[in-house]
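A.B. asks: mind looking at a prediction? Sequence and model below.
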Amino acid sequence: MIDVFLIVFIITLLYVSIANRIITYVKVLALQGFILFGVTFMQLQEINTLNLVLILLETIVFKAIAVPLFLDHLIKRNNITREAEPYIPNFLSLVITTIIIVVTILLANSVKDDNLDKIFFIVALSTLFTGLYFIASRKKIITHVMGYLIIENGVFVLSLAVGNEMPMLVNLGIMLDIFASVLILGIFLNKIGDVFKDVDVDQLSNLKDY
Amino acid sequence: MTGIYLAGAILLVILIYANRNRIINNVLLILFGILQSIFTIYQCSNFRNTELEYFTSDSLGLLFLITLTIVGLPALFHSYLYINRHDESPQSRSVYFAAIVLLITSIGAAYLANHIAVVWIFTELTTLSASALIYHHRNKLALEGTWKYVFICAISITFVFIGILFLSLSLSGTGSSDLSYANLMAKSDQLNPFWLRLAFLFIFTGFTAKLGLVPMYTAGVDAKDKAPAPAGALLSSALMNMGFIGIFRLYTVIALTPLHHWANIVIFVSAILSIFVATVYMTKVVNIKRMFAYSSIEHMGLVMLGIAAGGIGYYAAILHLILHALVKSSLFFQFNQLYRVFQSKSVAYVGNYFKYNPTGAIVLLIAFISATAMPPSGLFVSEFLIFRALFEGQYIFVLLLVLLLLTIIIWAFAKNIFKILFTPVEGFDDSHVPKISPWESLTQYVLLFAAVWLGLNPPTIFVDLIKESVMLLQN
């Protein structure tokens, strides 16, 4: 069952790579939050209850509900247009994402370690690199933020792989999540929306030598 | 005492932030200065003790902590001058001071942390406080700089976290789950090399954002440009040392494994590229603060070359970091006086500084000689030792390439500095130039003198501390 969830997770990545509208990204992020909730629920069985409740709350309340709602609010408030505006055609994006996934699978197969569930490793690394690719290939700042949130989800999957032995690391991951998301989203996008009227990375290229 | 220090500092941060009264704010700042000094002295007398389980005052942490205090107190003083002169609103004043106190505290705590996760937590805190400092002017460019800094630091913090996860995977075969450096070193022969390799790559990449190396150096340059100069001084000295400590402590573990040689190659590539990038930008740069920032990147590249070359290079690298912190912070402290005279950051509109402020001009001149490592500067000694390490390690081509690049950097740096000092600017109206008190340059003289003295005639205890911090690598 965990495998099913994780494979659905990978499919969401492929879906994002061809998504045209920003709202799709938000929905996929919410879906990923729910998937992570399911994975956590089944994976971390040796952990103590209080800690488990905390982690579940983080995935469902923070990742699946609060962040997407907030993103939605930001998009409306700053009048961000609906298109995601990639630099690269969607088909090519799909091919690149697929290549990333295939390469991580090949990499994972070269690992000889019984302590690790390979599927966690594959999902985490391919999410990480796909997220970086989204950041590099999309134009709007808000899609950069979403790329970062996708990376965070990938990291969370990886931390679940070691979660039973080292619950501390999962907690640290949650801290990273909340800290970075609040810092980036909360303080910044609000301000950036106020100062720069249409939020494009192209406008963030004034800072140079002068 | 570490507990009292952390609790006291956090309390002071909250009080400074909540308080809007100028006098009370200044009193709180002085209180923090006293707290920081007491803490440093206490750690010296409590050498090698562990407190709160996660904080050990080992030799490297202690050396950097002392450097932090020596640079941090003048930074507080210059911040005070800066804020009072700019007639800031009470809110932006208290945010600035709270952020700088938080920055100093978290850097100090990260130095002493003996557990990789604790270092990571305090690295997050430095991102938070540094972003508040960079955003101080609240205009479009400051916002852009802050956004880039926050975003790149968030990604690099995530990278470090992934590295920690891989490290825990590498450790999981040994039956232990303790990620403290001491335990990692004790178990170094059982670590899984595949995961360790990945862990080192990710942690190294992540910390380069703070250390200022290729690939993540970009955000730091914008940050040092946009942050007020006293804060920039901390960002380009103490914060870079923190990035170094993050990499170095893991490197000490790797050095005990068969991966040592591979790690050296990674560091070599990153270091040489950094020096190359610094050279390219130094020849073009016209913004004075960015010039200082690129010079920092060059120095960090040299430090990492020393580490990768090994031998005497380890000693030289630590010495170089400490001296660089002293020199670069005095350059940044001096910058504000320069800006007050010319009201410009660009080399094109700045010139003949000797006429308007001779005391400050001499600071610039000495700092330039120090930063380019010409004798009698202390950095000359450390740089010379790094080159010797490269020579002894038979990296002749690297050495030649680096020497060539350094020559270009010295030429570019000198061209700009001599323009600032001697060449008058056409049409500069000097009727509004303020009179600058020579006393404001006192701290810079002290720092620069300390850099010369520590390089040419280091006290025995200083040498012993550096030797002890690299002792584990000498094999």
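C.D. replies: Now that the structure is in, tell me what you want to look at.

A.B. asks: get me the contact residues on the stretch 201-350 of chain B for chain A.
C.D. replies: Proximity of the stretch 201-350 of chain B to chain A, by C-beta under 8 Å from any C-beta of the partner chain, involves residues B:222, B:225, B:226, B:281, B:284, B:285, B:286, B:287, B:290, B:345, B:346. Quick note: C-beta positions are derived from backbone N, CA and C, even for glycine.

A.B. asks: now for the residues you listed, which pair is the farthest apart?
C.D. replies: B:226 and B:284 (19.1 Å; C-beta to C-beta).

A.B. asks: comparing those two, which shows the higher neighbour count?
C.D. replies: The residue with more neighbours, out of residue B:226 and residue B:284, is residue B:226; 25 against 11, by other C-beta atoms under 10 Å in any protein chain shown.

A.B. asks: so which residue of the stretch 1-150 of chain B comes closest to chain A?
C.D. replies: The minimum distance from the stretch 1-150 of chain B to chain A, using C-beta to the nearest C-beta, falls at residue B:144 (4.7 Å).

A.B. asks: any regions of chain A where pLDDT drops low?
C.D. replies: Along chain A, the parts satisfying pLDDT under 70 run over A:115, A:186-190, A:193-203, A:205-210.

A.B. asks: if we use 80, what do you get?
C.D. replies: A:45-47, A:77-85, A:111-117, A:162-166, A:184-210 (pLDDT under 80).

A.B. asks: and the residue nearest the centre of it?
C.D. replies: The centroid of chain A falls nearest to residue A:150 when counting by C-alpha atoms, centre = their mean (1.1 Å).

A.B. asks: ok, back up a step: so what's the residue of the stretch 1-150 of chain B closest to chain A scoring on pLDDT?
C.D. replies: pLDDT for residue B:144: 85.

A.B. asks: wait, is it part of a helix?
C.D. replies: Yes: checked against DSSP: H, G, I helix; E, B strand; the rest coil, residue B:144 lies within a helix.

A.B. asks: that one reaches residue A:141, doesn't it?
C.D. replies: No: using C-beta atoms under 8 Å, residue B:144 is not in contact with residue A:141; the gap is 10.6 Å.

A.B. asks: where along chain B do the strands fall?
C.D. replies: B:50-51, B:55-56 (DSSP state E).

A.B. asks: what about the first one, distance to the chain center?
C.D. replies: Read that as strand B:50-51. Chain-centre distance of strand B:50-51: 25 Å, with C-alpha atoms, centre = their mean, to the nearest Å.

A.B. asks: the nearest residue to residue B:299 once chain neighbours are set aside: neighbour count?
C.D. replies: Excluding its sequence neighbours, the residue lying closest to residue B:299 (C-beta to C-beta, 6 or more residues apart in numbering or on different chains) is residue B:324, at 4.8 Å. The local packing of residue B:324 (other C-beta under 10 Å) involves 30 other residues.

A.B. asks: who touches residue B:324 in this structure?
C.D. replies: Residues near residue B:324 by C-beta atoms under 8 Å, 6 or more residues apart in numbering or on different chains: B:237, B:296, B:299, B:303, B:371, B:379.

A.B. asks: distance-wise, check the first one relative to residue B:300.
C.D. replies: Spatial separation of residue B:237 from residue B:300 under the definition C-beta to C-beta, to the nearest Å is 11 Å.

A.B. asks: all helices for chain A, in order.
C.D. replies: In chain A, the helices defined using DSSP state H lie at A:2-18, A:22-43, A:49-57, A:67-77, A:90-109, A:118-137, A:141-161, A:167-181, A:190-195.

A.B. asks: which of those helices sits most buried?
C.D. replies: helix A:141-161 (a mean of 24; mean count of other C-beta atoms under 10 Å in any protein chain shown).

A.B. asks: report whether that helix contacts chain B.
C.D. replies: Yes: in terms of C-beta under 8 Å from any C-beta, part of helix A:141-161 sits within range of chain B, namely A:141, A:144, A:148, A:151, A:152, A:155, A:158, A:159, A:161.

A.B. asks: wait, doesn't the first one sit right on residue A:191?
C.D. replies: No: here residue A:141 does not reach residue A:191: they are 11.5 Å apart, not a contact under C-beta under 8 Å.

A.B. asks: who touches both of those two?
C.D. replies: Counting by C-beta under 8 Å, 6+ apart, nothing touches both residue A:141 and residue A:191.

A.B. asks: near the closest residue to residue B:3 other than its chain neighbours, how many other residues are there?
C.D. replies: Computed as C-beta to C-beta, 6+ apart, the closest residue to residue B:3 that is not its neighbour in sequence is residue B:52, at 5.5 Å. Applying other C-beta under 10 Å, we find 14 residues neighbouring residue B:52.

A.B. asks: distance of residue B:52 relative to residue B:4?
C.D. replies: 10 Å.

A.B. asks: one more: residue B:49?
C.D. replies: Distance of residue B:49 to residue B:4, given as C-beta to C-beta: 14 Å.

A.B. asks: next: residue A:79.
C.D. replies: Here the criterion is C-beta to C-beta. By it, residue A:79 lies 50 Å from residue B:4.

A.B. asks: have a look at these two and say which one is more surrounded.
C.D. replies: Ranked by neighbour count (other C-beta under 10 Å), residue A:79 and residue B:4 place residue B:4 first, with 13 against 10.

A.B. asks: who touches stretch B:188-196?
C.D. replies: Against stretch B:188-196 from outside (C-beta under 8 Å, 6+ apart): A:111-113, B:166-167, B:169-174, B:184, B:253-254, B:256-259.

A.B. asks: which of those residues fall in helices?
C.D. replies: B:166, B:167, B:169, B:170, B:171, B:172, B:184, B:253, B:254.

A.B. asks: contacting residues for the residue nearest to residue B:395 when sequence neighbours are not counted?
C.D. replies: Nearest-residue entry for residue B:395: residue B:309, 6.2 Å, with adjacent residues in sequence omitted and distances by C-beta to C-beta, 6+ apart. For residue B:309, the contact set (C-beta under 8 Å, 6+ apart) comprises B:386, B:389, B:390, B:392, B:393, B:395.

A.B. asks: relative to chain A, how far out is residue B:309?
C.D. replies: Remark: distance between residue B:309 and chain A (C-beta to the nearest C-beta, to the nearest Å) = 31 Å.

A.B. asks: now swap in residue B:174 and tell me
C.D. replies: 10 Å.

A.B. asks: now do the contacts for that residue.
C.D. replies: B:187, B:190, B:191.

A.B. asks: what about 10 Å?
C.D. replies: Going by C-beta atoms under 10 Å, 6 or more residues apart in numbering or on different chains, residue B:174 touches B:183, B:184, B:186, B:187, B:188, B:189, B:190, B:191, B:192.

A.B. asks: which one of the residues you listed sits closest to chain A?
C.D. replies: residue B:192 (6.2 Å).

A.B. asks: and the closest one, backbone torsions?
C.D. replies: Torsion angles at residue B:192 (phi, psi; degrees, to the nearest 10) stand at phi -70, psi 120.

A.B. asks: next, count neighbours for it.
C.D. replies: Count around residue B:192 with other C-beta under 10 Å applied: 22.

A.B. asks: right, and residue B:254 touches residue B:264 too?
C.D. replies: Yes: Residue B:254 is in contact with residue B:264 according to C-beta atoms under 10 Å; the separation is 9.3 Å.
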